[in-house]
Structure formats: C-alpha cells, structure tokens
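Participant: Give the three-dimensional model of this entry:
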Amino acid sequence: MKGFTKYFVQKLLWYALAFFIALLLNFFLPRLIPGDPISVIVGQMMSGNVPSETQERVYRSFVEEFGLDKPLIVQFFTYIGNVFKGNLGTSFSLYPLSVNEVISSAVVWTIALQLPSILVGWIVGNLLGAAAAYRKGVFDKTIFPLSLFVSSIPYQCLAIILLYVFGVNLGWFPIGGGYSRTLLPTLSWTFILDVLHHYFLPFLSLVLVTIGGQAIGMREMSIYELNTDYVTYCKMLGMSDKKIQRYVFKNAVLPQITGLAISLGSMVGGALVTEIVFGYPGLGTWLFNGIRSLDYPLIQGSTLIIALMVLLANFIMDMVYGLIDPRVKAAQMEEV
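Facilitator: Coordinates of the predicted model:
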C-alpha cells in the first residue's frame with residue numbers, strides 16, 4: 001500500500017504541474033488573438049449616431065471594469081486568484097452575464113454527450129476488436145477494414161456527412177441545437193424525447209469514430225497475445241478456448257486503457273468540434289463563440305473546464321491502471 005501511496009503522490013504532483021501550465025496557456029493564448037475585445041463590445045452597444053466622446057467614455061469604463069488597463073502580470077495573478085475562488089469573470093460579449101452562468105449549463109450538455117459516447121465507443125470497439133482477432137475469417141476481414149476506414153475520418157467530416165444525409169437530405173433528425181426552440185426546458189416526456197432526437201446524430205458521429213480506433217488497437221493487441229508462449233502452454237494443458245480468451249482479453253485490454261488516456265485529449269477536441277458542427281449547446285459552441293467575439297473570460301473559462309475534465313479523467317485512469325496492472329504493482333513494490 002505504501003508503494004501505491006507513493007505512486008499516487010507522484011502522479012498528483014505531475015498533474016498539478018500540468019494544471020499550472022494549463023492556467024498559463026489559458027490566460028496568455030487568448031491575448032495573442034489579434035483585435036480589441038472592448039471595441040467589439042462598444043461597437044455592438046453603440047448603434048446609430050453616438051458621439052465619439054460618449055463612445056470613448058464607455059470604452060474606458062469597460063477597460064477599467066475588466067482590469068485591462070493594468071499590467072499583464074497583474075491581470076494574470078488576479079485571474080489566478082479568481083480561479084481559486086471559483087470566479088471565472090464576466091463575459092465580454094454577453095455582458096453582464098458571468099462566465100460561471102454560461103459554462104454551468106454548457107458543461108452538463110458536454111458531459112452528457114462526451115462521456116457516454118467515449119465509454120460506449122471504447123467498450124464496443126474493444127469487444128469488436130477482440131472478436132475479430134478470435135474469430136478471424138470473414139468477420140475479421142469485414143470488421144478490420146471498416147474500423148480502419150471509420151477511424152481515418154476526422155470527427156468534423158463524419159459529423160457533416162451524417163448531418164447532410166440524415167438531417168438535410170432525409171430529414172429524419174434536426175440539423176442543429178440541443179432541443180427545439182419552441183419548447184421550454186422542463187422535466188416532461190415531450191422535452192426529453194426532443195432532446196434525445198437532437199442528441200442522436202452528434203452521439204452517433206462520436207461513437208463511430210471511437211469504435212473504429214479502439215477496434216483496431218484491440219485487434220492488434222489480441223493477435224499479439226494469442227501468439228504468446230503462455231497461450232501455447234494453456235492449449236497444451238487442454239484449457240478451454242473460452243478460458244484462454246478471457247486471459248487474452250484481460251492482458252490485451254490493459255494497453256487499451258493507456259491508449260484511451262493518451263487519446264482522450266484528441267477525443268475531447270473532436271467532440272468539441274462536433275458540437276460546433278451540430279450547433280450543440282456545449283462548451284465547444286461557447287468556446288467558438290468566445291473566439292469569434294474575442295471574449296477573453298469566456299475563452300479562458302471554457303478551456304479551463306475542458307483542461308480540468310481531461311486532466312481529471314487521465315488521473316482517474318492512471319489510478320485505475322496502477323491498481324489493476326500487475327507490472328505497475330510490481331514496480332510499486334520494488335520502490336517500497
């Protein structure tokens with residue numbers, strides 16, 4: 001147990017460092033985007049023949065309110081302090097709405113889309129990959145090329161194809177949004193079914209790409225395990241194929257957990273782009289809107305939550321991997 005505690009602390013320190021780097025990038029990168037966000041706000045608010053003196057006064061008041069008149073380093077430490085207080089600031093483009101209010105609703109939509117799609121894609125993909133390796137023949141010759149083809153399609157391209165075929169052409173599903181604008185969000189069957197109707201295409205596009213990638217990886221790992229010495233030894237002992245397959249699956253799925261952790265960032269990134277394609281009311285759509293309007297607080301808040309989600313998911317997977325992988329356990333015991 002001491003070995004695992006040391007492993008836990010080491011991983012925690014590494015993830016704390018990664019979080020600090022994420023905070024740095026989160027603050028400075030949006031400010032590299034060309035343009036003046038306050039001018040955009042003033043331009044939107046001051047429509048018509050407004051005297052230039054009035055526009056200048058409004059401009060200066062916004063600059064002071066958002067603290068953009070202070071040195072960049074002061075703005076950074078103010079931002080850090082606010083983050084640890086749970087305050088993500090006030091949105092420029094949605095003023096006076098706070099970023100917390102915007103993101104709190106968007107996070108629910110993003111998690112509801114991404115978590116089930118990644119889990120379903122990972123489970124189904126591993127099962128199909130293992131089955132292709134065990135059965136071989138026609139099943140393998142069908143699953144492998146299909147998985148290779150689907151996994152090679154970028155998230156946004158598959159989303160556009162599904163949207164065009166099933167939304168625009170056939171009209172079976174809505175072409176955007178999280179629910180119909182004619183409905184109010186309530187806990188009624190009408191609203192729930194409408195949400196699921198809008199949910200299906202984004203979910204399907206993410207699941208298909210995830211299944212393809214995971215099936216290829218699991219197939220390769222299963223074929224490798226089936227050709228190892230311990231499988232040959234088990235066959236010589238007269239062990240049943242089902243029992244051998246269980247051992248093979250258990251050993252082959254361990255690298256898949258690592259692979260999931262490594263590819264989680266790209267999966268989340270692809271899911272965010274998918275949200276933009278479908279106009280889904282998640283973090284991806286709000287991040288895109290924030291970039292278009294040079295809304296620093298909204299960009300920072302969205303990317304911070306995304307970074308936290310990815311880091312937390314990777315940390316949990318590292319902990320699970322440390323508990324179930326015998327090789328990691330052995331390394332922990334040697335360090336005690």
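
Participant: Chain neighbours aside, what residue packs nearest to Gln156?
Facilitator: Val273 (4.7 Å; CB to CB, 6 or more residues apart in numbering). Placement of C-beta: from N, CA and C, glycine included.

Participant: quick one: which helix or strand includes that neighbour?
Facilitator: helix 241-278 (DSSP states H and E).

Participant: mind listing what the residue nearest to Gln156 touches?
Facilitator: 155-156, 159, 284 (CB atoms under 8 Å, 6 or more residues apart in numbering).

Participant: same check, this time on Asn100
Facilitator: Asn100 touches 86-88, 301, counting by CB under 8 Å, 6+ apart.

Participant: Highest neighbour count among those?
Facilitator: In terms of neighbours by other CB atoms under 10 Å, the contacts of Asn100 top out with Gly301 at 27 neighbours.

Participant: what separates the most centrally placed residue in the chain from Val124, distance-wise?
Facilitator: Closest to where the C-alpha atoms of the chain average out (CA atoms, centre = their mean) is Val268, at 2.1 Å. Distance, Val268 to Val124, by CB to CB, to the nearest Å: 19 Å.

Participant: Please enumerate the helices of the stretch 151-300 of the chain.
Facilitator: Counting by DSSP state H, counting those that start in this stretch, the segments of the stretch 151-300 of the chain that form helices are 155-162, 189-226, 229-236, 241-278, 283-292, 296-324.

Participant: Lys70 is nearest to which of those?
Facilitator: helix 296-324 (13.5 Å; CB to CB).

Participant: so what does the closest one touch, helix or strand wise?
Facilitator: helix 2-28, helix 99-135, helix 241-278, helix 283-292, helix 326-335 (3 or more CB pairs under 8 Å, 6 or more residues apart in numbering; DSSP states H and E).

Participant: related to what we said a few turns ago, show the model's pLDDT score for the residue nearest to Gln156.
Facilitator: Looking at Val273, its pLDDT reads 81.

Participant: distance of it from Tyr134?
Facilitator: In terms of CB to CB, Val273 sits 35 Å off from Tyr134.

Participant: repeat for Phe19
Facilitator: From Phe19 to Tyr134 the distance is 41 Å (CB to CB).

Participant: These two: which is more packed in?
Facilitator: The neighbour count for Phe19 versus Tyr134, taken as other CB under 10 Å, is higher for Tyr134 (19 against 15).

Participant: circling back: tell me if I'm right that the residue nearest to the centre of the chain and Ala307 touch.
Facilitator: No. When contacts are counted by CB atoms under 8 Å, Val268 is not listed as touching Ala307 (9.6 Å).

Participant: so which helix or strand takes in Ile38?
Facilitator: helix 37-45.

Participant: so where's the chain shaky on pLDDT?
Facilitator: Where the chain drops to pLDDT under 70, the residues are 1-4, 40, 42-55, 58, 261-267, 321-336.
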